[in-house]
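Undergrad: model this:
(one chain, ligands or ions: 1)
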Amino acid sequence: MTQELLEIVRQLRVELAWAREAGWRNFPAAPEQKKTSRDLTGESFEAPVQDAAELPAVVSMQLADNADLSTIRAHIGDCTRCKLSGLGRKNIVFGVGNPDAEVMFVGEGPGADEDIQGEPFVGKAGQLLTRIIEGGMGVKREDVYIANIVKCRPPQNRDPEDDEISECEPFLRAQIRAVRPKVLVALGRCAAQTLLRDKTPISRLRGQWREYEGIPLMPTYHPAYLLRNPAEKRPVWEDIQAVLKKLGRSTPSENDV
Ligand code: SF4
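TA: Sure, this is the predicted structure:
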């Protein structure tokens, strides 16, 4: 089977997995397929189409709805499902934190430091996120769960592209289902727009409660944006206060952030 055909099969399976998750049912059964080929004498003969079981494991995208985090990580493997795998990544940055966290933060994708260390939000923006979590929320970084929309670093920190997001997002969805947090916080435009399927600018999305698969979701600015625009810390503070209120917690002093 050619690489092109394998790619088509893989894409079809991704689409089917998405369609099933979206509630589509009763796909027509695939007819038994045979192909007609010619041997070296020119005689035609019927050859069986390669069985799905013979396809490389990479074509399988189905994960059980109740897969735990370690199963999801094992399923990702040394992933080459999108082109970010071949653009200089050093590590797949899966996620970090408490698998039973009440709050889960979702960012865009790993940067240079995250790529090297294999952990999300460890660079300057990550340090600010840690201050927001520990100072602003009054909980330890290890008590929340942190992941990204894409698990591999986009080169030059460019935005993840649509095809990369559509390949990688099922892993994040599985992580969210595994952690089942009480509140999701989408950090920045890419995370908010991807999870909400809403292209509204982040400046208008932030601060407004939405839902992702029944989980309250608060969009807010990305810490990297705050590093460039410190004046926007105030709205993020307000968003974090709203998260604490949703959890029924008291809010620390603003000076702690
Ligand atoms: S970004 Fe996601 S889908 Fe793409 S190679 Fe990395 S883990 Fe795989």
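Undergrad: residues in contact with the residue lying closest to I72 once chain neighbours are set aside?
TA: Leaving aside its sequence neighbours, I72 sits nearest to A174 (C-beta to C-beta, 6 or more residues apart in numbering; 4.8 Å). C-betas here are computed from N, CA, C, even on glycine. Residues in contact with A174, defined by C-beta atoms under 8 Å, 6 or more residues apart in numbering, are L63, A67, I72, H75.
Undergrad: which stretches of the stretch 51-200 of the chain have low pLDDT?
TA: 51-61 (pLDDT under 70).
Undergrad: For it, which residues are neighbours of the ligand?
TA: Contacts of the stretch 51-200 of the chain with the ligand, taken as C-beta under 6 Å from any ligand atom, map to 76, 79-82, 84-85, 92, 150-152, 164, 167-168.
Undergrad: Can you list the buried residues in the one helix or strand D239 maps to?
TA: Assigned by DSSP states H and E, D239 belongs to helix 233-246. Using 16 or more other C-beta atoms under 10 Å as the burial criterion, the residues of helix 233-246 that qualify are K233, V236, W237, D239, I240, Q241, A242, V243, L244.
Undergrad: Take the residues of the stretch 51-200 of the chain next to the ligand and keep only those in strands.
TA: Among those, none falls in strands (DSSP state E).
Undergrad: picking up where we left off before, so which other helices or strands are in contact with the helix holding D239?
TA: If contacts are counted by 3 or more C-beta pairs under 8 Å, 6 or more residues apart in numbering; DSSP states H and E, helix 233-246 sits against strand 183-187, strand 215-220.
Undergrad: Could you look over these and pick the most buried one?
TA: Most buried of the helices and strands packed on helix 233-246, by mean neighbour count (mean count of other C-beta atoms under 10 Å): strand 183-187, with a mean of 26.
Undergrad: can you map out the helices along the protein?
TA: All helices of the chain, identified by DSSP state H, fall at 3-21, 69-76, 112-117, 124-131, 162-179, 188-196, 202-205, 223-228, 233-246.
Undergrad: Deepest-packed of these, please.
TA: Sort the helices of the chain by mean neighbour count, taking mean count of other C-beta under 10 Å, and helix 188-196 sits at the top with a mean of 22.
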